[in-house]
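J.: What would the 3D arrangement of this be:
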Amino acid sequence: MQNKVSQIYLSRPGILCCAGDSPDAFFDAALRGSQHGIKPVTADRVGPSSEGRNFLAGRIAEGDLPDISHEVPKNRSFRIAAAALEQIRGTVEQVRSACGSERIGVCAGSCDNGSEASFLAHKAYYAGGAFPADYDLRFQGASFTAEYIAHALGVSGPAFTVAAACASSAASIIKGAQLIKAGLCDAVIVGGTDIASETVLLGFSALEAVSDGVSNPFSKNRKGITLGEGAAFFVLSREPLKGDGSGIELLGYGESADAFHMTAPRADGSGAVRAMREALSNAGKKPDDIDYVNLHGTGTPLNDSMEALALAAVFPASAPLVSSTKPVTGHTLGAAGALELALCWMALDAASKNAEGKGKVPLHCWDGVSDGELPPLHLVGKEDGAQKLRICMSNSFAFGGCNVSLVIGAAGG
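T.: Numbers count the residues shown, from 1 in each chain. Below is the predicted model of the structure:
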């Protein structure tokens with residue numbers, strides 16, 4: 001029988017995205033609002049026509065990805081994951097030596113089921129009438145992401161892949177916490193990985209959701225999303241982790257499923273409201289305890305309107321600092337929740353090392369043109385200096401009405 005778990009700690013994250021190849025580089029880019037990783041890309045179509053489409057997207061340079069083709073051929077998502085996982089390998093080894101590999105689980109979020117391998121295989125089929133010899137349907141199994149991570153880091157506890165659209169990695173963090181609280185694991189590797197594949201780029205374009213410029217969240221001039229790719233992983237643990245002196249905890253979490261529409265959010269934001277309020281209740285916190293909120297902030301007309309209404313409902317008497325970091329990373333889909341929570345972790349970690357408990361939070365990147373039809377938000381600007389930071393919230397609101405809110409704080413927060 002395991003002792004009751006009262007606290008769950010988050011390790012320093014491992015990160016790779018177009019904005020940075022380490023937590024520090026990524027956090028610096030987000031503080032400055034750097035969009036250096038958003039670049040033109042071309043997506044080819046699968047089928048008899050070879051006509052392609054041009055996009056702006058947060059693609060990671062090929063040279064920044066490790067070669068793991070001897071393990072999993074033609075899987076860009078796993079190559080991105082491998083780079084991020086390597087950064088937390090030491091932490092995994094620390095908990096494995098303490099509790100054994102069978103007590104370490106994996107909960108990984110992803111929207112991608114081997115789309116790169118599938119795309120290349122079907123392209124070969126259209127060109128030559130046969131699939132490549134190394135093409136295997138197993139590459140497209142939803143469970144394969146968690147299986148790969150468990151293999152790569154040598155753990156043998158419960159392993160799950162969570163597929164909840166753009167809330168996948170945020171939901172994986174909740175599932176990891178629940179495994180620990182249920183006494184099934186002492187530690188869980190959580191997070192997500194995803195790619196800006198041709199399938200993704202062309203699919204979102206077909207939905208008329210892609211902006212012709214970099215996303216412009218909460219602006220009157222917003223036109224849609226900019227896609228991206230990346231990976232972010234943490235180790236959740238029952239005990240504080242050596243080397244992570246800030247002792248940042250997962251204080252609470254909330255989920256809701258409004259199932260309003262396959263792709264459109266519920267316009268009144270009620271599903272998002274339920275997730276945020278549940279996260280606050282679960283954390284034992286009040287709205288005015290939240291110092292910063294990382295917004296889902298996709299830059300689409302419907303999402304930003306819904307999220308602004310939801311924030312006004314949850315924080316009626318307080319106005320926490322808020323920002324969307326998707327103009328820096330692109331919308332990284334299944335990896336977005338973990339990637340954006342990592343920015344909250346970095347902000348809290350920096351503040352915990354400041355004598356006054358102050359730190360900076362990511363800049364909100366937009367053109368500065370407010371939408372008068374939306375409730376006002378305190379969007380982080382360059383004029384907002386270091387702030388007192390103890391508790392942050394990160395929101396992920398996905399297709400199908402999958403809504404997730406996470407609340408984290410420094411030890412004692």
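J.: make it CA atoms for all contacts and neighbour counts henceforth
T.: Will do.
J.: how about low-confidence regions in the stretch 101-250 of the chain?
T.: Within the stretch 101-250 of the chain, the set of residues satisfying pLDDT under 70 comprises 245.
J.: rerun that using 50 as the cut-off
T.: Applying pLDDT under 50 to the stretch 101-250 of the chain picks out no residues at all.
J.: quick one: the strands in it?
T.: 104-109, 159-162, 187-194, 227-228, 230-237, 249-257 (DSSP state E, counting those that start in this stretch).
J.: same check, this time on the stretch 301-413 of the chain
T.: 321-323, 358-359, 378-379, 387-388, 391-398, 402-409.
J.: how about these, which one is nearest Thr332?
T.: strand 391-398 (11.3 Å; Cα to Cα).
J.: That closest one pairs with which strands, parallel or anti?
T.: Note on strand 391-398: by DSSP bridges, its sheet partners are strand 292-294 (parallel), strand 402-409 (antiparallel).
J.: any idea how far Ala170 is from Phe26?
T.: 18 Å (Cα to Cα, to the nearest Å).
J.: Neighbour count: the two, which is higher?
T.: Per other Cα atoms under 10 Å, whichever of Ala170 and Phe26 has more neighbours is Ala170, with 34 against 23.
J.: Do I have it right that the more buried one meets Glu340?
T.: No: Ala170 lies out of contact with Glu340 (Cα atoms under 8 Å); the separation is 9.2 Å.
J.: For the stretch 151-300 of the chain, which segments count as helices?
T.: Assigned by DSSP state H, counting those that start in this stretch, the stretch 151-300 of the chain shows helices spanning 168-181, 198-206, 270-283.
J.: Looking at those helices, which is nearest to Ala82?
T.: Ala82 sits nearest to helix 168-181 of all those, at 15.8 Å, using Cα to Cα.
J.: In the closest one, which residues are buried?
T.: By 16 or more other Cα atoms under 10 Å, the buried positions in helix 168-181 come out as 168-177, 179-181.
J.: Including distance to Asn113, could those residues go into JSON lines?
T.: Below are these laid out as JSON lines (distance: Cα to Cα, whole Å):
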{"residue": "Ser168", "distance to Asn113": "13"}
{"residue": "Ser169", "distance to Asn113": "14"}
{"residue": "Ala170", "distance to Asn113": "18"}
{"residue": "Ala171", "distance to Asn113": "17"}
{"residue": "Ser172", "distance to Asn113": "16"}
{"residue": "Ile173", "distance to Asn113": "19"}
{"residue": "Ile174", "distance to Asn113": "21"}
{"residue": "Lys175", "distance to Asn113": "20"}
{"residue": "Gly176", "distance to Asn113": "21"}
{"residue": "Ala177", "distance to Asn113": "24"}
{"residue": "Leu179", "distance to Asn113": "24"}
{"residue": "Ile180", "distance to Asn113": "27"}
{"residue": "Lys181", "distance to Asn113": "29"}
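J.: Sort out which one of those residues lies nearest Ala83 for me.
T.: The closest of the buried residues of helix 168-181, once distances to Ala83 are taken by Cα to Cα, is Ser169, at 16.8 Å.
J.: partner residues bridging the closest residue to that closest one other than its chain neighbours?
T.: Leaving aside its chain neighbours, Ser169 sits nearest to Gly109 (4.0 Å; criterion: Cα to Cα, 6 or more residues apart in numbering). Taking DSSP bridges as the rule, Gly109 bridges to Val162, Gly192.
J.: Would you check that Gly109 makes contact with Ser172?
T.: Yes: between Gly109 and Ser172 there is a contact at 5.6 Å, judged by Cα under 8 Å.
J.: Starting from Leu16, give me the distance back to Ala61.
T.: 11 Å.
J.: out of the two, which sits in the busier spot?
T.: When Ala61 and Leu16 are compared for neighbours, Leu16 comes out ahead with 28 against 10, by other Cα under 10 Å.
J.: show me what contacts the closest residue to Tyr135 other than its chain neighbours?
T.: For Tyr135, ignoring the flanking residues on the chain, the nearest one in space by Cα to Cα, 6+ apart is Ala121 at 6.5 Å. By Cα atoms under 8 Å, 6 or more residues apart in numbering, the contact list for Ala121 reads 131-132, 135.
J.: neighbour-wise, which of those leads?
T.: Highest count within these by other Cα under 10 Å belongs to Phe131, 17 neighbours.
J.: Quick check, that one in contact with Phe119.
T.: No: contact criterion Cα under 8 Å: Phe131 and Phe119 do not qualify, at 10.7 Å.
J.: As JSON lines, the strands of the stretch 301-413 of the chain with mean pLDDT, distance to Ala264 and mean neighbour count would be great.
T.: Shown next, in JSON lines, are the strands of the stretch 301-413 of the chain (pLDDT from 0 to 100; distance: least, Cα to Cα, whole Å; neighbours: other Cα atoms under 10 Å):
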{"stretch": "strand 321-323", "mean pLDDT": "98", "distance to Ala264": "21", "mean neighbour count": "24"}
{"stretch": "strand 358-359", "mean pLDDT": "94", "distance to Ala264": "35", "mean neighbour count": "20"}
{"stretch": "strand 378-379", "mean pLDDT": "96", "distance to Ala264": "24", "mean neighbour count": "18"}
{"stretch": "strand 387-388", "mean pLDDT": "92", "distance to Ala264": "35", "mean neighbour count": "16"}
{"stretch": "strand 391-398", "mean pLDDT": "96", "distance to Ala264": "9", "mean neighbour count": "27"}
{"stretch": "strand 402-409", "mean pLDDT": "96", "distance to Ala264": "11", "mean neighbour count": "29"}
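J.: I am finished for the moment; much appreciated.
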